[in-house]
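Enquirer: what's the 3D shape of this:
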Amino acid sequence: MKNQPNGNVSNIYKLEGRVPVGKAVPFGLQHILAMFVSNLTPITIIAAAGGLEQAEIAVLLQNAMFVAGIATLIQLYPVWKVGSGLPVVMGVSFTFVTVLSTVATNYGYPAVIGAVLIGGVFEGTLGLLAKYWKKIISPIVAASVVTAIGYSLFTVGARSFGGGYTEDFGSAQNLLLGTITLLVCLVWNIKAKGYLKQLSVLAGLIVGYIVAIFMGKVDLSVIFSGGIISLPHFLPFLPEFHPGAIFSVAIIFLVSAAETIGDTTALVSSGLKREIEEKEITGSLACDGYASSISALLGCPPVTSFSQNVGLVAMTKVVNRFTIMTGAACMILAGLLPPIGNFFASLPESVLGGCTIMMFGTILTSGIQMLSNAGFTQRNITIAALSLSIGIGFTAASEMDIWHIFPEILQSVFSANVVAVVFVVSIILSLLLPKDMEIQTLE
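Expert: Residues are numbered from 1 along each chain as shown. Next up, the predicted model:
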């Protein structure tokens, strides 16, 4: 490397450059711990809907860790045009939980694999053709989507803070654990000096985990329950192809593509302080899609960019590819060595929530900053205001069945997905509103 033979720790703030391994690993591990539990939860939900046994789910969880690490490596170090070359961390997406749970219930889990396999090729190919449609993603559209992503994650952070999908959600223990973790993150961020300041999330996770052990919230007996070494299982389920399932999942892949565009745009804006390039959009979407097809071959749902890590980049400004690569390596090891994976998976949700609830706020503020950079013209104000109000308002009102007159497939895509609604409305407005609308700049 150009800097020094053994690297320089200041390179953590640069995309390229070597960082000493001993210094890089904590930052890489911080990125993995920030998303680890969320990477596994969707599989548990979808597999349960498909009626899988616990032993079968355990195989899928192991495979998910492995494929998330591989997909992250491809994002960091592209293969041909597949991969963005950005510090994007990949994991199993929550976006597909509803539709894949429905597919698993109606057709069986093998139909999930078939639909994801085809849908992944669809999104990957769409990504490679991005130069033909990228122009419709104007700066104000991207800014609106990023703002919507930040908003949509608030409930995720709050859910984690209260204990996740557990029976004791919102208990005093969970809230106390989340609060302790959050306070450690804040105090570390205030008191630590130099590059150590950027390890506030890792510090919170470690202290929160230790406190959780003493509170009896961690079951250490499961650490060695899966043996010492276990190779990934290829094609644990033979895919089945049902047109209805494939069509529904392909539509959600379009929604996932919108989220990926928002994630990578926010990451480049907040971490690298520049606008995203066409090849980065192409690469990130191609990796999202084709890596999801690889994930299907390992029996897992689609993988996509994780907004948790975009928030971490926005908060810490750590963007070094080598550093994030050490985290991807840890994820792959977790997939090959069950004790490591079980250790990471034993992290209580409320500990994770104490860290992520602050990170998600930084995504929203990144979106607001992007809105400012796009310019507060009357046209931009109209697009952002209307897309966000419809997106947030209509998804919040889904409990009142405001979507009941629409076909079931549209309800499954839009009724609870603010990002999808904002994406569609902002693009329609961007295409229809005249370019020469009266310009009024906010004072």
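Enquirer: Show me the strands in the stretch 251-400 of the chain, by range?
Expert: Per DSSP state E, counting those that start in this stretch, the stretch 251-400 of the chain carries strands over the ranges 303-305.
Enquirer: actually the stretch 1-150 of the chain, not the one I wrote
Expert: 90-92.
Enquirer: where are the low-confidence patches of it?
Expert: For the stretch 1-150 of the chain, the stretches flagged by pLDDT under 70 are 1-6, 37.
Enquirer: residues touching the residue positioned nearest the centre of the chain, list them.
Expert: The centroid of the chain falls nearest to Phe306 when counting by Cα atoms, centre = their mean (1.6 Å). Going by Cβ atoms under 8 Å, 6 or more residues apart in numbering, Phe306 touches Met35, Ser38, Asn39, Val89, Met90, Gly91, Asp263. C-betas here are computed from N, CA, C, even on glycine.
Enquirer: any idea how the chain splits into domains?
Expert: 9-367, 375-443 (automatic domain parsing).
Enquirer: Mean neighbour count, those: which tops it?
Expert: domain 9-367 (a mean of 21; mean count of other Cβ atoms under 10 Å).
Enquirer: Just the local confidence number for the closest residue to Thr125 other than its chain neighbours, please.
Expert: Closest residue to Thr125 apart from its sequence neighbours, by Cβ to Cβ, 6 or more residues apart in numbering: Gly289 at 7.0 Å. At Gly289, the pLDDT value in this model is 96.
Enquirer: Relative to Ser93, how far out is Gly289?
Expert: According to Cβ to Cβ, to the nearest Å, Gly289 and Ser93 sit 12 Å apart.
Enquirer: Next: Asp263.
Expert: Look at Asp263 and Ser93: by Cβ to Cβ, they are 11 Å apart.
Enquirer: go on, Thr41?
Expert: According to Cβ to Cβ, Thr41 stands 11 Å off from Ser93.
Enquirer: Other residues contacting stretch 228-244?
Expert: With contact meaning Cβ under 8 Å, 6+ apart, stretch 228-244 is reached by 56, 59-60, 62-63, 66-67, 103, 107-111, 113-115, 117-118, 296-299, 335-339.
Enquirer: which ones among those are found in helices?
Expert: Those of the contacts of stretch 228-244 mapping onto helices are 56, 59-60, 62-63, 66-67, 103, 107, 109-111, 113-115, 117-118, 296-297, 335-336, 338-339, per DSSP state H.
Enquirer: What residues does Tyr77 make contact with?
Expert: Going by Cβ under 8 Å, 6+ apart, Tyr77 touches Gly83, Gly85, Arg321, Met325.
Enquirer: For these, give me CSV that also has distance to Ile251.
Expert: Formatted as CSV, the contacts of Tyr77 follow (distance: Cβ to Cβ, whole Å):
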residue, distance to Ile251
Gly83, 25
Gly85, 29
Arg321, 33
Met325, 33
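Enquirer: Phi first, then psi, for Ala192.
Expert: Ala192 has phi and psi values of phi -70, psi 150 when expressed as degrees, to the nearest 10.
Enquirer: Leu202 is in contact with that one, correct?
Expert: No - if you go by Cβ atoms under 8 Å, Ala192 and Leu202 don't touch, sitting 11.0 Å apart.
Enquirer: I'd like to know how far the residue nearest to Met331 when sequence neighbours are not counted sits from Lys217.
Expert: Once flanking residues are discounted, Met331 sits nearest to Gly69: 3.4 Å by Cβ to Cβ, 6+ apart. Counting by Cβ to Cβ, the separation of Gly69 from Lys217 is 27 Å.
Enquirer: for stretch 53-62, the distance to its chain's centre please.
Expert: The chain centre lies 22 Å from the centre of stretch 53-62; the measure is Cα atoms, centre = their mean, to the nearest Å.
Enquirer: contact partners of that stretch?
Expert: So stretch 53-62 is contacted by 40, 43-44, 47-48, 52, 226, 230, 232-233, 236, 298-300, 335, 338, 341, 345 (Cβ under 8 Å, 6+ apart).
Enquirer: What ranges does the stretch 301-443 of the chain have for its helices?
Expert: Using DSSP state H, counting those that start in this stretch, the helices found in the stretch 301-443 of the chain span residues 307-316, 321-336, 338-345, 349-374, 378-396, 408-414, 418-432.
Enquirer: average pLDDT for the second one?
Expert: Per-residue pLDDT values across helix 321-336 average out to 92.
Enquirer: who does it touch, helix- and strand-wise?
Expert: Counting contacts by 3 or more Cβ pairs under 8 Å, 6 or more residues apart in numbering; DSSP states H and E, helix 321-336 packs against helix 21-49, helix 54-76, helix 338-345.
Enquirer: How about the contacts made by Gly226?
Expert: Here Gly226 is in contact with Ala58, Gln62, Pro338, Pro339, Gly341, Asn342 (criterion: Cβ under 8 Å, 6+ apart).
Enquirer: and with 10 Å instead?
Expert: By Cβ atoms under 10 Å, 6 or more residues apart in numbering, the contact list for Gly226 reads Ala58, Val59, Leu61, Gln62, Leu337, Pro338, Pro339, Gly341, Asn342.
Enquirer: show me the contacts for Ser415.
Expert: Ser415 neighbours (Cβ under 10 Å, 6+ apart): 98, 394-395, 397-399, 401-404, 406, 408, 421.
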